[in-house]
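K.L.:
Got a sequence here, can you model it:
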Amino acid sequence: MQVRGLLLLLALILLAAATEAGKNKKEKAKKDGSKCEDWRWGPCVPNSKDCGLGYREGTCKDESKKLKCKIPCNWKKKFGADCKYKFESWGGCSAQTGLKTRSGILKKALYNAQCEEIVYVTKPCSSKIKSKSKAKKGKGKD
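P.N.:
So this is what the prediction gives:
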């Protein structure tokens with residue numbers, strides 16, 4: 001009976017210690033953070049060239065912060081890294097311009113970025129005709 005009581009007491013002590021540790025983590029996060037709730041974030045500015053790792057600056061009243069960010073190097077620079085779009089399929093090829101077009105609808109604007117609701121993208125039409133039949137290699141040798 002004493003062993004059960006001892007184990008129960010030990011379990012309660014461990015539970016209390018775990019909840020206290022959780023409270024300390026939450027308090028620490030609040031101390032590091034700011035009381036300001038109306039942050040205004042600027043665009044992601046790459047450290048070098050026009051893509052890759054960089055930072056964005058944010059301001060709120062008299063406070064300012066810098067956050068790390070990344071602009072993908074294959075991203076369309078016209079839209080910026082903070083505007084995410086859902087694109088439809090490519091349209092047919094225009095004989096007059098030689099371009100295909102598709103539109104994208106804004107899905108998400110990060111850090112309150114100023115994004116266009118609908119964007120249009122074009123690309124040159126493919127001049128290659130893709131063949132559907134390919135020779136099988138390594139099969140049918142005599």
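K.L.:
Show me the longest strand that occurs in the chain.
P.N.:
Counting residues, the longest strand found in the chain (DSSP state E) is strand 99-109.
K.L.:
so residue 63 makes contact with residue 37?
P.N.:
No. The pair residue 63 / residue 37 is not scored as a contact, 11.3 Å apart, by Cβ atoms under 8 Å. C-betas here are computed from N, CA, C, even on glycine.
K.L.:
Would you mind telling me which of the two has more residues around it?
P.N.:
Neighbour count, other Cβ atoms under 10 Å: between residue 63 and residue 37, residue 63 has more, with 11 against 6.
K.L.:
List the beta-bridge partners for the more buried one.
P.N.:
With DSSP bridges as the criterion, residue 63 is bridged to residue 60.
K.L.:
Just give the nearest non-adjacent residue to residue 68, would you?
P.N.:
Using Cβ to Cβ, 6 or more residues apart in numbering and skipping the chain neighbours, the partner closest in space to residue 68 is residue 55 (5.9 Å).
K.L.:
can you pull the contacts of that neighbour?
P.N.:
Going by Cβ atoms under 8 Å, 6 or more residues apart in numbering, residue 55 touches 44, 45, 47, 66, 67, 68, 69.
K.L.:
Look up which helix or strand it falls in, please.
P.N.:
Element membership for residue 55, per DSSP states H and E: strand 52-60.
K.L.:
my read: residue 93 touches residue 122, true?
P.N.:
No. Counting by Cβ under 8 Å, residue 93 sits too far from residue 122 to count as a contact (10.7 Å).
K.L.:
Overlap of the contact sets of these two?
P.N.:
Contact criterion Cβ under 8 Å, 6+ apart; residues bridging residue 93 and residue 122 by contacting each: 99, 100.
K.L.:
Okay, domains of this structure per the record?
P.N.:
Per the TED database, the domain ranges recorded for the chain read 35-73, 75-127.
K.L.:
what's the average pLDDT for the longest one?
P.N.:
If I follow you right, that is domain 75-127. Averaging pLDDT along domain 75-127 yields 87.
K.L.:
got it, and stretch 61-69?
P.N.:
Confidence for stretch 61-69, expressed as mean pLDDT, is 90.
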